[in-house]
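Novice: no sequence on this one, just coordinates:
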């Protein structure tokens, strides 16, 4: 049941070679620098979530080795699993808040260029579109991750419910694993959007 987290790329803040003019260069760099700063909590939270996932996976494996007649020990491990799950979700909320804050700040890209600078205005609009898409994709990832957490929580409850048969338990494991695939897909798509953002920034440096 291991959920392998793919680390997302960090938006590049290097804009040394832009052709927008000194003032616009400075404005754009300021916005990108601030976006990076506002995503700092997101990156730190992501690392913590990954650590909890690893610890939780190990504990889950240990729990699955226990038999029903070791009910007290089983219940203790399930309690710890649920605690770790709660901690994961708490850091996920911190990550989500960081991204939402950055998304609001991204609106400042509108102010980087004058309206009459049509060529560069289109480049900024393209950048803003991809940046906003990236934040929407993160929201989709969060939704999928929360669904996964719900399924995992239900699975943990089943482990200590004597009414749960082996076939139902296996069915729940399959649902959890299927949802993990959805989460992985959401992570991959989000990473691709981050790559597109960085590519646009690199193009601005080259031009």
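Specialist: Looks like it came in fine. Keep in mind that what you see is a predicted model, and the values were worked out from it rather than measured.

Novice: Can you show me the helices along the protein?
Specialist: 22-38, 40-64, 71-105, 118-159, 166-206 (DSSP state H).

Novice: any idea of the mean pLDDT for the third one?
Specialist: Computed over helix 71-105, the mean pLDDT rounds to 91.

Novice: ok, now the second one?
Specialist: Average pLDDT, helix 40-64: 86.

Novice: Can you name every helix or strand that that helix contacts?
Specialist: Helices and strands touching helix 40-64, by 3 or more C-beta pairs under 8 Å, 6 or more residues apart in numbering; DSSP states H and E, are helix 71-105. Backbone N, C-alpha and C define where each C-beta goes, glycine included.

Novice: orientation of the helix it packs on relative to helix 40-64 in degrees?
Specialist: Counting by axes from the mean of the first three to the mean of the last three C-alpha atoms, to 10 degrees, helix 71-105 points 160 degrees away from the direction of helix 40-64.

Novice: If you count neighbours, what's buried in helix 71-105?
Specialist: Neighbour-count burial for helix 71-105 flags 74, 77-78, 80-81, 84-85, 87-89, 91-92, 94-96, 98-103 (criterion: 16 or more other C-beta atoms under 10 Å).

Novice: can you state the direction angle for it and helix 118-159?
Specialist: Using the same axes, to 10 degrees: helix 71-105 against helix 118-159 is 170 degrees.

Novice: Same list, the helices of the chain, but as a markdown table with distance to residue 111 please.
Specialist: What follows is the helices of the chain, written out as a markdown table (distance: least, C-beta to C-beta, whole Å):
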| stretch | distance to residue 111 |
| --- | --- |
| helix 22-38 | 7 |
| helix 40-64 | 23 |
| helix 71-105 | 11 |
| helix 118-159 | 10 |
| helix 166-206 | 17 |
